[in-house]
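[1] Here's a sequence, model it:
(2 chains)
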Amino acid sequence: MKFSDFKSVEDVLTQYPLGTVKAQFLPNVEFSPSALFIEDLNFTLSMQTSVESEMFYREGFIFPFMQQVWKRHPELKVWINRKLAYKEELTGEPDYFISALPKGPTRDPVGKPLLAVAEAKQEDFIAGWGQCLAEMIACQKINADEHITIYGIVSAGEFWQFGKLEKETFTRNITAYTVHDPAKLLGVLDYLFDQCEKQITNTQHYE
Amino acid sequence: MKFSDFKSVEDVLDKYPLYEVNARFLPEVELVPMEWFIANIKFALNTRASVESEMFYREAFVYPFMQQAWQRHPKLKVWVNRKLAYKEELTGEPDYFVSTLPQGPTRDPVGKPLVAVAEAKQEDFIMGWGQCLAEMIACQKLNDNEDVTIYGIVSTGEFWQFGKLEKDTFTRELYPYSINDAAKVLGALDYLFEQCEKQITGGCHEI
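    A predicted model of the protein is given here:
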């Protein structure tokens, strides 16, 4: 099944039974961006019209925010529109997913474990989360290590929501974030990348 | 016909006879970016894998370069993946096109004239230019004013080529640009946006 065939979280749960919880798992942290970042952001906001494509939101907001925190976590690799498949069962092309950055020559350019997925969905969080959760499950199955938490992000560009999949529990973060408070949004993204990076180090320890 | 049906410049010329010239029309100008911008580009180059999608190149290279130059020309609007159609004859969704920023309430959010188009094509300039030239012709026909020069950009992310359509002459810039020399790419883009902006002001005067 394609990730995009899942139109809601309910769609996913009928095939993959999970416990679902709403909880505040993201801390109240801030990471203040440079003045130049804010300048770019304000420019994009000022140029935003009533009719914009999903790509406008990706290029104007989503990637720049992701990149700011990614730069602080160079052990990670953000894959953009790369195909992801767990057998024939779950396949597709997440907008973004995060794995360990492969070191040295490798046959599989995508490092393991897979740690997070992000979907851009223009003003449609219902379909966005259906797709995102399906992708998170695929990551969990590919890792074949239930101890790894998979994080999920759904962003409409201006608005961002977060979730995580731990073993058989899917937790949605209570608070949503917006680009209008960039320090808070960057703070939680940075926390999320931090958690991802920590998991890589831990797995390597246990191996 | 869809823009993407044109697989080369020859394909376009079969249907739309134009004079073709190769000439140096971009001046030797540089626009030195902030260190922060260079740091972002270097980071993207460093984390690039051997297998990346077109979206990776758009988000990490094409859009950031365009935005830096665009910010200096706020009378312009860059449309991202917005549909463009000249009747049924030429239709599709250019990766980017540049128009006047509409002022005040308007029925048609896309202002006129249309002044430039950019296509991102992963390592395929032949196809990129076929599509781009078809889009440039659509802009010219929509403007319905042969005195407006339409600029064209094809970028693989790393490499940039430029062209322009003046009346029935399509001129290809002799020199390609590479982001390894970021100041030159930005200089060329800034010059191009400047020419676009001048045409808008010029056009308003004449009307």
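[2] For the helix ranked longest in chain A, buried residues please.
    Counting residues, the longest helix found in chain A (DSSP state H) is helix A:182-206. Buried residues in helix A:182-206, counted by 16 or more other Cβ atoms under 10 Å in any protein chain shown: A:182, A:184-193, A:195-197, A:199-200, A:203. Every residue, glycine included, has its C-beta placed from N, CA and C.
[3] now do stretch A:123-135
    A:Phe125, A:Ala127, A:Gly128, A:Trp129, A:Gly130, A:Gln131, A:Cys132, A:Leu133, A:Ala134, A:Glu135.
[4] contacting residues around the first one?
    Which is A:Phe125. Contact partners of A:Phe125, counting by Cβ atoms under 8 Å, 6 or more residues apart in numbering or on different chains, are A:Val154, A:Ala156, A:Phe159, A:Gln161.
[5] Next, format those residues as TSV and append secondary structure and neighbour count.
    Below are these laid out as TSV (DSSP: H, G, I helix; E, B strand; the rest coil; neighbours: other Cβ atoms under 10 Å in any protein chain shown):
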residue	secondary structure	neighbour count
A:Val154	strand	27
A:Ala156	coil	21
A:Phe159	strand	17
A:Gln161	strand	19
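[6] For B:Lys121, state which of the residues you listed is nearest.
    Nearest to B:Lys121 among the contacts of A:Phe125: A:Ala156, at 27.9 Å, using Cβ to Cβ.
[7] Cross-check the contact I'm expecting between the closest one and A:Glu54.
    No - in this structure, A:Ala156 is not within contact of A:Glu54 by Cβ atoms under 8 Å, at 9.0 Å.
[8] what do these two both touch?
    Joint contacts of A:Ala156 and A:Glu54 (Cβ under 8 Å, 6+ apart) are A:Ala120, A:Lys121, A:Gln122.
[9] Just send these back as JSON lines, with secondary structure, neighbour count and pLDDT too.
    Formatted as JSON lines, these follow (DSSP: H, G, I helix; E, B strand; the rest coil; neighbours: other Cβ atoms under 10 Å in any protein chain shown; pLDDT from 0 to 100):
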{"residue": "A:Ala120", "secondary structure": "strand", "neighbour count": "20", "pLDDT": "90"}
{"residue": "A:Lys121", "secondary structure": "coil", "neighbour count": "20", "pLDDT": "87"}
{"residue": "A:Gln122", "secondary structure": "coil", "neighbour count": "16", "pLDDT": "84"}
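[10] how about these in a markdown table, adding distance to B:Thr47?
    Below are the shared contacts of A:Ala156 and A:Glu54 laid out as a markdown table (distance: Cβ to Cβ, whole Å):
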| residue | distance to B:Thr47 |
| --- | --- |
| A:Ala120 | 20 |
| A:Lys121 | 25 |
| A:Gln122 | 27 |
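[11] Kindly reformat those as CSV containing distance to chain B.
    Shown next, in CSV, are the shared contacts of A:Ala156 and A:Glu54 (distance: Cβ to the nearest Cβ, whole Å):
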residue, distance to chain B
A:Ala120, 10
A:Lys121, 15
A:Gln122, 11
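[12] residues contacting A:Phe25?
    Contacts for A:Phe25 (Cβ under 8 Å, 6+ apart) come out as A:Phe162, A:Lys164, A:Thr171, A:Asn173.
[13] And B:Ala60, by the same measure?
    By Cβ under 8 Å, 6+ apart, the residues touching B:Ala60 are A:Phe63, A:Gln67, A:Ile80, B:Ile41, B:Ala44, B:Arg48, B:Gly157.
[14] now do 6 Å
    B:Ala44 (Cβ atoms under 6 Å, 6 or more residues apart in numbering or on different chains).
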